[in-house]
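Chemist: Dropping a prediction and its sequence here:
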Amino acid sequence: MELCNKTSFSDQKTAQEHLMRIFFEKRRKEFSPNREYLCPKCDTWHLSSNGTIDYVYNLKIKELQDKIEDFSSNRKVVSQNKTQSLSRIIKNDLKAIEKRDKIRDRTMESLQEKIRTYKSIMQNLRAKETIVDSFFTLLSTEKDIDVLKGLNKYISSKIIDIER
């Protein structure tokens, strides 16, 4: 394989980048390079002024299109990452809400149990009042001491039962 005296580039992409840099940096001369080619002698890439300027413009257009495509795909990835992050945040918030709901439900059950207990106590107090009222009613109408003693025992036993 022979070596050329021309500037050599290891691959086509490097040659294209150098070509565009020359073209767009206004370092052009009357015969500036406007395309790259693979040399059959040395098997490396060179620049040539045989070609059209449109080739360089098309290369730049392709480069810009590739950048736009990369940007779009990166934007999609970022969007997916944001969606996943939001999804995780929402899931965590839902778990926290479920936990608060369970605590609230347990608290409500506890409060309802207390309410039932208080209602029962109130009923017992009303029953005690009824027994005491009945006792005093009987006491005022009955004159028999034996009857009063029996009622006293009965009422005392009921009050003890209710207090339990």
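Modeler: Yep, that arrived. From a predicted model like this one, the values you see are computed outputs, not experimental measurements.

Chemist: mean confidence for whichever helix or strand F23 is part of?
Modeler: Secondary structure from DSSP states H and E places F23 in helix 12-24. Helix 12-24 shows a mean pLDDT of 84 in the predicted model.

Chemist: which residues are in contact with that helix?
Modeler: Here helix 12-24 makes contact (C-beta atoms under 8 Å, 6 or more residues apart in numbering) with 9, 28, 32-36, 38, 45-47, 53, 56, 59-60, 63. In short, each C-beta sits where N, CA and C put it, glycine included.

Chemist: strand partners of the helix or strand following it, parallel vs antiparallel please.
Modeler: Sequence-wise, the next helix or strand downstream of helix 12-24 (DSSP H and E) is strand 35-38. Applying DSSP bridges, strand 35-38 is found paired with strand 45-48 (antiparallel).

Chemist: Could you name the helices and strands sitting against the helix or strand that comes right after the strand it pairs with?
Modeler: Going down the chain from strand 45-48, the next helix or strand is helix 53-141, by DSSP H and E. Contact here means 3 or more C-beta pairs under 8 Å, 6 or more residues apart in numbering; DSSP states H and E; on that basis helix 53-141 packs against helix 12-24, helix 145-163.

Chemist: what's the domain layout of the chain?
Modeler: Listed by automatic domain parsing, the domain ranges of the chain are 1-51, 121-163.

Chemist: From the opening residue of stretch 4-18 to its closing one, how far?
Modeler: In terms of C-alpha to C-alpha, to the nearest Å, the two terminal residues of stretch 4-18 are separated by 18 Å.

Chemist: Okay, buried residues for that stretch please.
Modeler: Buried positions in stretch 4-18, judged by neighbour count with 16 or more other C-beta atoms under 10 Å: 8-9, 15-16, 18.

Chemist: so E36 touches F9, yeah?
Modeler: Yes - using C-beta atoms under 8 Å, E36 is in contact with F9, at 7.3 Å.

Chemist: any shared contact partners between the two?
Modeler: Contacts common to E36 and F9, judged by C-beta under 8 Å, 6+ apart, are 15, 45-47.
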